[in-house]
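1. Below is the sequence, then the predicted model.
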Amino acid sequence: MLEYLKSVKEKSSSGFFKEVYRLVAKVPRGRVATYGQIAALAGRPTAARYVGFALSSSPDGLELPYHRIVNRTGRLAPDPVFGDQSIQRKLLRREGITFLPDGRINMKKHLWK
DNA sequence: CGCGTGACGTCTC
DNA sequence: CGAGACGCCACGC
């Protein structure tokens, strides 16, 4: 699995992945986007899972704002991805993003577009 | 064409 | 609120 992802990012053969990277990079500071949203913009409304996939294999060199991508309910990515969710939360808060009492992101207020 | 793989999404218990 | 269960799908083999 990781192998093919590697080849994908090296060859940039996948238009979908490439599109995902492009879109994610466009997310402005202080805003967040959802997997499903990115997927839809990338032309694959139902391929939300793959968005996360693309991000987890983010190409070296490209500094994508992973932390701005969250799932629909405002939940952050699982701990393993950032080592600890608190890291992602810190990054987001630093950009002015607010959290709800339950630790989820205030989607209404910060959702991209 | 089928199999395996998930940073998803949404619905039950 | 936590844990499953499904359905979703691009992409390499």
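-> All right, it came through fine.
2. Pick out the residue nearest the middle of chain A.
-> Against the mean C-alpha coordinate of chain A, by C-alpha atoms, centre = their mean, the closest residue is A:Ile69 at 3.0 Å.
3. List the contacts of it.
-> A:Ile69 makes contact with A:Val24, A:Val27, A:Val32, A:Ala33, A:Thr34, A:Tyr35, A:Ile38, A:Val51, A:Gly52, A:Leu55, A:Ala77, according to C-beta atoms under 8 Å, 6 or more residues apart in numbering. No exception for glycine: its C-beta is placed from N, CA and C like everyone else's.
4. Tell me which of those residues fall in helices.
-> Using DSSP state H, the members of the contacts of A:Ile69 that fall in helices are A:Val24, A:Tyr35, A:Ile38, A:Val51, A:Gly52, A:Leu55.
5. Please identify which of those residues is nearest to A:Phe99.
-> A:Phe99 lies nearest to A:Tyr35 out of the ones in helices among the contacts of A:Ile69, by C-beta to C-beta, at 18.6 Å.
6. Kindly reformat the ones in helices among the contacts of A:Ile69 as CSV containing pLDDT, neighbour count and distance to DNA strand B.
-> Shown next, in CSV, are the ones in helices among the contacts of A:Ile69 (pLDDT from 0 to 100; neighbours: other C-beta atoms under 10 Å; distance: C-beta to the nearest atom of the strand, whole Å):
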residue, pLDDT, neighbour count, distance to DNA strand B
A:Val24, 92, 22, 9
A:Tyr35, 94, 22, 3
A:Ile38, 93, 27, 9
A:Val51, 90, 27, 6
A:Gly52, 89, 19, 2
A:Leu55, 87, 20, 4
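7. Name the residue most distant from the centre of chain A?
-> Centroid-distance maximum for chain A: A:Pro101 at 22.1 Å, with C-alpha atoms, centre = their mean.
8. any idea how far that residue lies from A:Gly74?
-> Separation of A:Pro101 from A:Gly74 (C-beta to C-beta, to the nearest Å): 12 Å.
9. go on, A:Glu19?
-> Relative to A:Gly74, and taking C-beta to C-beta, A:Glu19 is found at 24 Å.
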